[in-house]
Each structure stands twice: as structure tokens, then as C-alpha cells.
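**Student:** dropping the sequence and predicted coords here.
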Amino acid sequence: MSETLLEGGLRLDPVIGYAALGLVALTTVLIGIYGLRISRTTGDFYVASRTVRPWWNASAIGGEYLSAASFLGIAGLILVSGADALWFPIGYTAGYLMLLLFVAAPLRRSGAYTVPDFAHSRLDSLLVRRVTGLLVVLIGWLYIVPQLHGAALTVRITTDLPAWAGPLAVVVVVCLSVMTGGMRSITFVQAFQYWLKLTALALPVAFVVLRLAADRAPVTAGGSAFAPELDTVPDAPLYATLSLVVALLFGTLGLPHVLVRFYTNPDGPSARRTTLIVLGLLSVFYLFPTVYGILGRIHTPELAAAGTADATVLLLPGRILGGTAGDLLSALVTAGAFAAFLSTTSGLVVSLAGVISQEFFAGTVRGFRRAALVSACVPLLLALLTDSLALAGSVGSVFAFTASTLCPLLLLGIWWRGLTDAGAVAGMLTGAVLCGGAIATAGLLGAGGGPGRVVLAYPALWTVPVAFGTMALVSRARRAVHPPPPGGCWPGCPPPSPAGRRHPGTPGPSRCPP
Amino acid sequence: MSPEDELPRRVRVTAPRTTGRGSGATFPVARELAEQSEVGRVFVASLIRSQLRLALVVAGGFLVILVSIPVLLSLFPDIHGVTVLPVPVSWLLLGLGVYPLVFGCALLYVRSATRNEHRFQDLVDDE
């Protein structure tokens, strides 16, 4: 059945694509409906009533964190840029470490539903709340767009449908499952999708390696798979690597769909345990895209030239195995890819819908459903109007933007008593303007622009410190005018729970400042 | 069939399901913190400080090791030539080696943070 590899191996048999797509969509909606039966209250919708156990929660976090960029983008990037691409999975994983160290337990105990809620209760300012809400929505939309681009690519390769059908299908399925079940049902869907994604990468690659070994075919071609001569883009300079690491490490702190997950933990210690499990799940997962990328450098190098390097993961199993086994494994990988788009998109839509409905729809369940529709349809338009870039790269830019805006607010808000509303707004706006402007300028300059372009295309190394500095300096300057209230709890800070646990989580300063 | 035999009407239960243990002995602690006594405030402040210090130490150590990898690789490009069997050391380090480091740091932090909280709890219980 090797004739199923159409168009010189750049496409798969449409039946594989339809089967995979239908299967994932069906399971997602079914689990969503199951969740609906036990989702009853507003608390269920927003934070799953804060009762999700660490393993479930960790699988769900892994499920929604492993996006198109992780599932397809990393292997594609390894294909074109070699070892430099390995920094992406490192940054995604280590970002979680930063989240564990500085945010997980205190934020959970701050008692807020969303990031704007946190900002509002910490700084008691509607302006801060609005600015934070706008940024969260903007970041969420920007992050959904690459997912939809990934869906377009996958549909183009695995079916004979037009590319726009992919984003549309993802948005429809996400809206159905989010609007019916809210956070609690999404938690089940996400957790299922982590394990689906892991299986969808691990099983085919195991067969591929076994087959290569049985055929005595080259696995790494005696190490030449690692040769930098195979790279089609020049090596990244040290500055770009460092800036990327800063963006990924600190960008994770502010990603809205990541943060809202910590509100679904029952308490601070279980929020920490969740993060620990997530780190293990991510570390295991990222081994597989790396292997795909390395195999792709030998077996599918022509994808880099065709500009569809991100399709490496989808095409590799069929290319090497062929026959029915190849078809089945291709279907599995395609299903995993769709799970990646679906889970990340629905995670983002849930958190955006939380923010939008709190701001504009009075926080009701009906408002949540309307907000979910809004938060899914805007990025759909954006995705249909723009062209796909390299998936990992465009997600990297969103991380840089998050690291320059929401990350300083969270870190200083949690750990520094001196933060004021004026400082928070000034810092976030400075970071947003500098980082957004730099990335946009680099995009306009295109491939030209000389050495200065690197500084603009990877802005995190300078925009993150500038945003932190602005926030701190403006807070200091304004402190004399608006001193923090003397003693007692700060506004919005919840009293310790009367059903206090034997070992309370870290009481962040937002709870009861010294 | 008597009315008693009818199935009870369906009741919708909306209270959150929790896995938490009961309050009991820890209630006085919570009350003390709620009352914002001088002692309570001092204890909470010291707990927050020690958690922050711990987080900064772990993050600092991790970042120094992580950043030293690209710096060393760019200072000594010859490292790229070193291979273990067919795999270059730089690929091994970045593709495999960093993950145990990340997990180790996380484990260290979670253990120490939990110990800090136990110490805090013991202090408060002694009061």
C-alpha cells in the first residue's frame, strides 16, 4: 500500500486523516458530555470546584501545554536547525520549574479565579485589572493562532480537504466541549489527550526504530544525522540562545491557560506536587519529538526544502514502515497531532472565556459560554487571514511577549510588597510596547536587517529586565503618594481557611502580608 | 404501593467535593493568623522569607548551570566535535542531560519547601 504516500511522499491517504480526525473529535466530545453530567455549579465551570487531584491535574496540564509547537514544531525545527532547536523543549520544561519555584503555591492561595482577579485583589485597582485582562486575552489569541496553523498544515497533508477546514474543525470541537462542560469536563479531556499524545509519538517511533534496526538501515547514519552541514538555517548566535531561554523560562509563568490550572488544585502543597508530576511528564514527552527530528534529518530531509519541516512527525512513520502498519501508525500520529491542537486551544479558550466573562458577562455560566465563543472565533479569523510560520518559532514570540508583561506582574505582585498599581501598569505597558514592537519590526525587516535583526527578533533578553525595572522604579516613585495600607490584610486577601490543613501551603504576601 | 416505597426525589448536590481532612487541632492556628496577632505575623513573615530564599537559591543554581552550557559551547566550539559513540556531547547534554537536572531541582525545592512548612507548623503549634 505504498501508493498511499501521494505526491512524492508529501501527503498521506485521506482515509487515514479522516479516521484520525473523526476519532479524536468523537472522543473529545464524548468525554466532554461525560463531564457535563457532573458539572453543575459556576465553580465547576471556572475552576472545576478546586477538587482536581494532582495526577489528573498534571496530566491535564501536560495535555494542554503540549501544543502544536511541541508535537510538530520541535521535530521540524530539529530538521532545519539541528542542536539549536533542542533549546525549545528545554525552555518549555524549565519554564515549569520557574512556575513551581515562584508561583504555584502562593498563587493558588491568593483565592482569585483568573490573573486579572489576582491583579485586582493584590493591587485594588480596576485599571490594573483591565490592563491585565486585555493582555491575557491578547496573549491567548496570539497563542491559539499557531495551533490553528498547525491544524491547517495537518489537514492539508492528511486529507484532501482545503486547509481552512482544519482550523474550523478545531474551533467547532473546542467550542462544543468547552461550552457544554466548562473546566471540570475539560480537565478529563485534557488528561486523556496527554496520554494520547504520548502514545501517538512513542508507539510509532518504537516501530520505526525496530524496523530500521531489522533492516540494518541507518538510524543516525553513523552520527552524520547530527552533522551541522544538514542544517538549512545558520547557527543561532549566543545572544539568540540566551534570549530564547529567558523568554521560554519566564514566559511560562504568565501563560493564562497554565496559570488557571493551579486554581483547580485543592491546596498549595498539591499545587506543588502537581508541578512536580508535570515536569516528569514533560521530560518524558520531549524525548520523542527529538528522536523524530534526528531520524527526519536522515530520512525526510526534503521536507526542509519544501518548507513543510513541521510535517516530519506526520510523514516519518508512513515513509519508513509503509504497508498497513505504516497506515495505522500514521493515523495514530495524526490523531495525536489533532489532540495537541484541540487540547491547547481548549485550554486557552477556557481560560480566556473565564477572563472575558468575568469582565463583560457578569461571570455567569451563560456568560462563560458566550465568552468561549468569542475567544475561539477571533483567533480563527486571524489564522485564516495569516500564513503559517514555523510553529515553534511563532510560539517562542508569544512566550517573549508574556515574559515581558504578565511575568513581572506575577513575580513582583507575589513577592514584593512595594508593588503599586501605577508601577504594575507602567511595567506591563512598557514590556508590551517594547516586545511587541521589536517582534513586529523584525517581521517587517524580513530575513535582511543585518545583525541588529537578532536583537529585535529575540527581544526577551532586554525587554524582560526593562519591564521589571520600570515596574519597580515607578512603584518606588509612587509609593510616597499612595502608601500601602498599614498592617492587617490587604484588600481582597482571604482569611486563612477555618478548615485549615495540617500543613498549609505557602501563604503568599497577598494573603496576609507581614 | 405506599408513598414510602416511591423512589426519593432526585436531589442536586452542589457542594464541592473535597479531599481535605477535618479542622480539629489546627483551628487555633488559623484563628491566630486571622486575628493578625504580632506572633502570627512574625511567623508568617519568616515562612514567606524562607520559601523565597529557597526558591531563589534553587533557581539561581539551575540558571547558572543552564546558561553555562551555551556559553561554554560558544567559547570552546571544539566541544561540538566530541562524541559518545555516534552522538555528539552537545546533543546528549541538551537532548537528555538537562531534564534530570530540571527534575532534580524541582524535587529538592519541593522537599525543602515542605520541610519549611512543617517547621512553621511546629513553631505555631508550640505557641
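**Tutor:** Sure thing, it's come through.
**Student:** residue closest to the middle of chain A?
**Tutor:** Nearest residue to the geometric centre of chain A (CA atoms, centre = their mean): A:Tyr65, 4.4 Å.
**Student:** ok, that one touching A:Tyr92?
**Tutor:** Yes: counting by CB atoms under 8 Å, A:Tyr65 does reach A:Tyr92; the two are 7.3 Å apart. The C-beta positions use only the backbone N, C-alpha and C, and glycine is treated the same way.
**Student:** who touches both of the two?
**Tutor:** Taking CB atoms under 8 Å, 6 or more residues apart in numbering or on different chains as the criterion, A:Tyr65 and A:Tyr92 both touch A:Leu282.
**Student:** list the contacts of the residue nearest to the centre of chain A.
**Tutor:** So A:Tyr65 contacts A:92, A:96, A:257-258, A:278, A:282, A:344, A:347 (CB under 8 Å, 6+ apart).
**Student:** how far does stretch A:65-80 stretch from start to finish?
**Tutor:** Terminal residues of stretch A:65-80 lie 23 Å apart, using CA to CA, to the nearest Å.
**Student:** so what's B:Val84 closest to, chain neighbours aside?
**Tutor:** B:Leu92 (6.0 Å; CB to CB, 6 or more residues apart in numbering or on different chains).
**Student:** same deal with A:Trp195?
**Tutor:** A:Ser59 (6.7 Å).
**Student:** A:Val246 too?
**Tutor:** A:Ala460 (4.5 Å).
**Student:** poorly predicted segments of chain B, please.
**Tutor:** Scanning chain B for pLDDT under 70 picks out B:1-7, B:11-37, B:126-127.
**Student:** specify the local secondary structure of the residue positioned nearest the centre of it.
**Tutor:** In chain B, the C-alpha closest to the average C-alpha coordinate belongs to B:Val110, at a distance of 4.3 Å (CA atoms, centre = their mean). Classification of B:Val110 by DSSP: H, G, I helix; E, B strand; the rest coil places it in helix.
**Student:** for chain A, which helix is longest?
**Tutor:** In terms of residue count, the longest helix belonging to chain A (DSSP state H) is helix A:165-214.
**Student:** check which helix or strand residue 121 maps to.
**Tutor:** Going with chain A. helix A:115-123 (DSSP states H and E).
**Student:** wait, chain B
**Tutor:** Using DSSP H and E, B:Gln121 sits within helix B:98-126.
**Student:** near chain B, which residues of the stretch 151-300 of chain A? Just list them.
**Tutor:** A:220, A:222-223, A:226, A:228, A:238, A:241-242, A:245, A:249, A:266-267, A:269, A:272-273, A:275-276, A:279-280, A:283, A:286-287, A:290 (CB under 8 Å from any CB of the partner chain).
**Student:** max-length helix in chain B?
**Tutor:** Counting residues, the longest helix found in chain B (DSSP H) is helix B:38-75.
**Student:** tell me the angle that one makes with helix B:98-126.
**Tutor:** 170 degrees (axes from the mean of the first three to the mean of the last three CA atoms, to 10 degrees).
**Student:** and the gap between the closest residue to A:Thr441 other than its chain neighbours and A:Ser343?
**Tutor:** Nearest-residue entry for A:Thr441: A:Leu456, 5.2 Å, with adjacent residues in sequence omitted and distances by CB to CB, 6+ apart. According to CB to CB, to the nearest Å, A:Leu456 and A:Ser343 sit 32 Å apart.
**Student:** ok, these two, which is more surrounded?
**Tutor:** Per other CB atoms under 10 Å in any protein chain shown, whichever of A:Leu456 and A:Ser343 has more neighbours is A:Ser343, with 32 against 17.
**Student:** that one contacts A:Ala68, correct?
**Tutor:** No: between A:Ser343 and A:Ala68 there is no contact under CB under 8 Å: 10.2 Å.
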